[in-house]
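# here is my input, please return the structure:
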Amino acid sequence: MFTVDNFKVVFHHTKLHKKAGGNRITVCDIITLNEDGSPRNSIASGISKCNKEDQYNKNMGRKTALGYALNRIFKSNKAMRAKFWKAYFEKRGKID
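I've put the predicted structure just below:
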């Protein structure tokens, strides 16, 4: 979780199936914040799905899901996307 301006980014990780080897997904929600910092509403979501035959990697899932979410709302605003990526890497570090 991290914030950029009046936006909050939250990640969720889950399995689609309870059985062993079920597909795992990572969801990234971008939420607008009120002036007092309380959440207002979700404005974009990105979902990254891992094939059941691939090794699950939370960091790769986070980056992929964040990219999808950012492209939904800031597709033509490279400067804003760059702010989010900078905040992400400051929070998470340079993780592959």
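# now do the helices in this protein.
Using DSSP state H, the helices assigned to the chain run over residues 58-74, 78-92.
# got a list of contacts for the longest one?
Residues outside helix 58-74 that contact it (Cβ atoms under 8 Å, 6 or more residues apart in numbering): 9, 11, 13, 24-30, 43-48, 50, 80-81, 84-85, 88, 92, 95-96. All C-beta atoms are positioned from the backbone trio N, CA, C, and that covers glycine.
# give me the buried subset of these.
Applying 16 or more other Cβ atoms under 10 Å to the contacts of helix 58-74, the neighbour count classes 9, 11, 24-30, 44-46, 48, 50, 81, 84, 88 as buried.
# what pairs with the strand ranked longest in the chain, parallel or antiparallel?
The longest strand of the chain (DSSP state E) is strand 39-50. In the sheet, strand 39-50 lines up against strand 24-33 (antiparallel) (DSSP bridges).
# for the partner strand, output the C-alpha coordinates as PDB.
Output of strand 24-33 as PDB, limited to C-alpha atoms (Å, rounded to 0.1, in the frame of the first residue of the first chain):
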ATOM      1  CA  ARG A  24      -3.300 -17.100  -8.100                       C
ATOM      2  CA  ILE A  25      -4.200 -13.500  -8.800                       C
ATOM      3  CA  THR A  26      -3.000 -10.100  -7.700                       C
ATOM      4  CA  VAL A  27      -5.500  -7.200  -7.700                       C
ATOM      5  CA  CYS A  28      -4.400  -3.600  -7.600                       C
ATOM      6  CA  ASP A  29      -7.000  -1.000  -6.600                       C
ATOM      7  CA  ILE A  30      -6.400   2.700  -7.000                       C
ATOM      8  CA  ILE A  31      -8.700   4.600  -4.600                       C
ATOM      9  CA  THR A  32      -9.300   8.400  -4.400                       C
ATOM     10  CA  LEU A  33      -8.900  10.000  -1.000                       C
END
